[in-house]
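K.L.:
Just a sequence and a predicted model for now, questions to come.
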Amino acid sequence: MSKIKVLETFSGIGAQAKAIANFQKGKKKFFEIVATVDWDARSIITYAQIHHNVLSDVDKILKKNQLSSPEKINFFLKKFELSLDSKRPSQITRKDLTFKKILVASIIKSNNLGSITNLNVEEINRLAPDLITYSFPCQGLSIANMGRANGIFDKNSTSSLIWNVYSLIKGMKVKPKYLLMENVPNLISKKFINQYENWKETLEKEGYKTFTATLNGLNFGSIQKRNRVFAVSFLKEIKTPFANDLEFKKYILNLGQDISDNLDKRKQIFQSIFNFDSKNSENAGFLINATPSRIRMVEKVEKIDESKNFIIRTLTTKQDRNPNTGIIKLENNLEKKLNYRFISNREAFRLMGFENSDFEKLEPLISKNILTKESLYRQARKFYYSNNFRSANKFNL
């Protein structure tokens with residue numbers, strides 16, 4: 001059987017790639033990621049380091065592609081629209097040479113094609129992906145932005161980037177057999193359900209049937225209470241073991257490792273993720289400043305170290321706000337610091353299904369300030385449940 005070629009759009013740090021790696025561990029490899037699509041420079045670097053250990057090959061990659069001089073590196077980067085905050089384009093060529101070298105090597109190593117808005121359809125046609133993943137931004141859908149959330153038709157919102165996925169699919173000579181999407185539950189809320197139905201109808205015109213379900217991390221081996229909408233689209237001629245959304249959800253749930261009623265299992269995972277050691281120097285870097293706003297926040301948010309059910313709230317991009325994932329007690333004698341800390345970047349990655357070994361690969365980049373605390377929190381919250389790939393061999397792939 002030939003490999004299933006995957007194009008990861010909105011690829012972030014490669015949670016999809018991690019899910020595929022988990023699924024294929026100890027098995028025949030029948031998924032192949034042929035390209036990634038993302039404009040966040042630091043996410044591109046993180047992806048390449050976790051999945052390809054790019055730091056060990058930077059000079060070799062640059063030399064092979066004749067990109068050893070600063071001028072050639074800048075010329076290469078100017079071909080891409082890239083961002084440092086995932087919100088607006090950045091002047092990447094103004095960054096220091098070390099950052100740029102690592103970024104260029106990362107782009108090449110992961111075959112990152114840049115922003116979803118600037119894709120070359122002919123290049124995608126040459127890659128001929130069988131599966132496209134598209135976890136598009138939730139800015140226009142998120143409950144946190146409800147005052148400004150206008151859905152996927154709001155051109156001022158990054159959620160409208162979903163239509164760039166449509167343009168890509170429409171322009172492909174050979175349609176991908178499968179599409180996989182993940183987003184916030186609000187996508188199918190009363191406010192936005194008509195927009196989502198419009199999206200499904202658009203895909204139907206391109207030859208797809210789509211199945212949708214809201215899934216919770218607790219049903220798939222995670223201690224994080226995290227609801228997300230998943231949609232899988234198949235070309236209509238492909239047979240599926242379910243006929244509607246209800247059957248689809250039941251089918252997927254049967255594949256998961258449900259720990260919602262397993263206290264001992266949740267406790268085991270909880271203790272493997274969180275480090276309550278007061279002498280751990282890494283934890284000290286996440287102590288909370290003793291400001292009036294932070295003191296008020298500490299009084300209101302959940303204390304993770306006091307958890308009795310070992311269930312964690314949904315990870316958020318901004319840990320210094322209420323609501324957040326929770327805080328952890330850490331007594332100290334430091335001036336202007338509270339006796340509490342935020343969850344660490346490492347713990348955030350672990351909550352999202354990555355391993356300690358994945359995060360340890362990032363430590364050289366963190367020590368050089370290539371990756372910042374803020375960027376790592378932002379990166380961590382993008383997540384695919386790895387169990388969703390377990391059904392792959394039953395979909396006639």
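P.N.:
Okay, I see it. Keep in mind that what you see is a predicted model, and the values were worked out from it rather than measured.

K.L.:
Distance-wise, check Tyr377 relative to Thr240.
P.N.:
With the distance defined as C-beta to C-beta, to the nearest Å, Tyr377 ends up 37 Å from Thr240. C-betas here are computed from N, CA, C, even on glycine.

K.L.:
The two: who's more crowded?
P.N.:
A side-by-side neighbour count of Tyr377 and Thr240, using other C-beta atoms under 10 Å, places Tyr377 first with 22 against 16.

K.L.:
Low-confidence stretches in this protein?
P.N.:
For the chain, applying pLDDT under 70 flags the ranges 1, 140-148, 317-318, 320-322, 382-397.

K.L.:
so where do the strands sit in it?
P.N.:
Along the chain, the segments classed as strands by DSSP state E run 4-9, 31-37, 131-134, 178-183, 208-216, 227-235, 287-289, 327-329, 337-342.

K.L.:
Buried residues, the last one. List them.
P.N.:
Which is strand 337-342. By 16 or more other C-beta atoms under 10 Å, the buried positions in strand 337-342 come out as Lys337, Leu338, Tyr340, Arg341, Phe342.

K.L.:
Direction included, what does that strand pair against?
P.N.:
Strands that pair with strand 337-342, judged by DSSP bridges, come out as strand 287-289 (antiparallel), strand 327-329 (antiparallel).

K.L.:
got a list of contacts for it?
P.N.:
Residues outside strand 337-342 that contact it (C-beta atoms under 8 Å, 6 or more residues apart in numbering): 283-284, 286-290, 294-295, 298, 303, 319-320, 324, 327-332.

K.L.:
With the fifth one instead?
P.N.:
Outside of strand 208-216, the residues within contact range by C-beta under 8 Å, 6+ apart are 175, 179, 185, 188, 196, 200, 203-204, 225-236, 240, 242, 244-245, 248-249, 252-253, 256, 260, 385, 388.

K.L.:
about what we covered before: turn the strands paired with strand 337-342 into a markdown table, including mean neighbour count.
P.N.:
Formatted as a markdown table, the strands paired with strand 337-342 follow (neighbours: other C-beta atoms under 10 Å):
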| stretch | mean neighbour count |
| --- | --- |
| strand 287-289 | 16 |
| strand 327-329 | 20 |
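
K.L.:
Output those as CSV; include the columns distance to Leu161.
P.N.:
Formatted as CSV, the strands paired with strand 337-342 follow (distance: least, C-beta to C-beta, whole Å):
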stretch, distance to Leu161
strand 287-289, 34
strand 327-329, 33
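
K.L.:
Contacts only, for the most far-flung residue of the chain relative to its centre.
P.N.:
For the chain, the largest distance from the centre (C-alpha atoms, centre = their mean) belongs to Asn333, which lies 36.6 Å off. Applying C-beta under 8 Å, 6+ apart, one finds that Asn333 lies in contact with no residue.

K.L.:
Check the gap between it and Arg381 for me.
P.N.:
If you go by C-beta to C-beta, the gap between Asn333 and Arg381 works out to 32 Å.

K.L.:
Kindly report the same for Leu218.
P.N.:
Using C-beta to C-beta, we find Leu218 at a distance of 17 Å from Arg381.

K.L.:
Check Phe192 too.
P.N.:
20 Å.

K.L.:
just Arg346 next, same as before
P.N.:
Taken as C-beta to C-beta, the span from Arg346 to Arg381 is 14 Å.

K.L.:
Also Glu237?
P.N.:
36 Å.

K.L.:
which of these two has more neighbours?
P.N.:
When Glu237 and Arg381 are compared on other C-beta under 10 Å, the one with more neighbours turns out to be Arg381, at 19 against 8.

K.L.:
Now for the spatially closest residue to that one that is not a sequence neighbour, how many residues are close by?
P.N.:
Excluding the flanking residues, the one nearest Arg381 by C-beta to C-beta, 6 or more residues apart in numbering is Leu315, at 5.0 Å. Other residues near Leu315 come to 23 when the count uses other C-beta under 10 Å.

K.L.:
Burial check on the closest residue to Tyr166 other than its chain neighbours, number of neighbours?
P.N.:
The shortest distance from Tyr166 to any residue that is not its chain neighbour, by C-beta to C-beta, 6+ apart, is 5.9 Å, and that residue is Thr202. As a burial measure, the neighbour count of Thr202 was computed by other C-beta under 10 Å and equals 15.

K.L.:
Please parse the chain into its domains.
P.N.:
Following automatic domain parsing, one gets these domains for the chain: 4-260+382-394, 276-343.

K.L.:
right, so of these, which gets closest to Ser357?
P.N.:
Comparing the domains of the chain by their distance to Ser357 (C-beta to C-beta), the top pick is domain 4-260+382-394, with 9.3 Å.

K.L.:
just how off-centre is that closest one within its chain?
P.N.:
Here domain 4-260+382-394 shows a centroid-to-chain-centroid distance of 8 Å under the convention C-alpha atoms, centre = their mean, to the nearest Å.

K.L.:
ok, Gly221 touching Ile259?
P.N.:
Yes: counting by C-beta atoms under 8 Å, Gly221 touches Ile259, with 6.0 Å between them.

K.L.:
so what's in contact with those two at the same time?
P.N.:
Common neighbours of Gly221 and Ile259, counting by C-beta under 8 Å, 6+ apart, are Ile269.

K.L.:
Have a look at these two and say which one is more surrounded.
P.N.:
The neighbour count for Gly221 versus Ile259, taken as other C-beta under 10 Å, is higher for Ile259 (21 against 18).

K.L.:
Now the terminal residues of stretch 124-132, how far apart.
P.N.:
One end of stretch 124-132 to the other measures 11 Å (C-alpha to C-alpha, to the nearest Å).

K.L.:
Please enumerate residues in contact with it?
P.N.:
Where contact means C-beta under 8 Å, 6+ apart, the residues beyond stretch 124-132 that reach it are 4-7, 9, 31, 34-35, 165, 168-169, 171-174, 176-180, 397.
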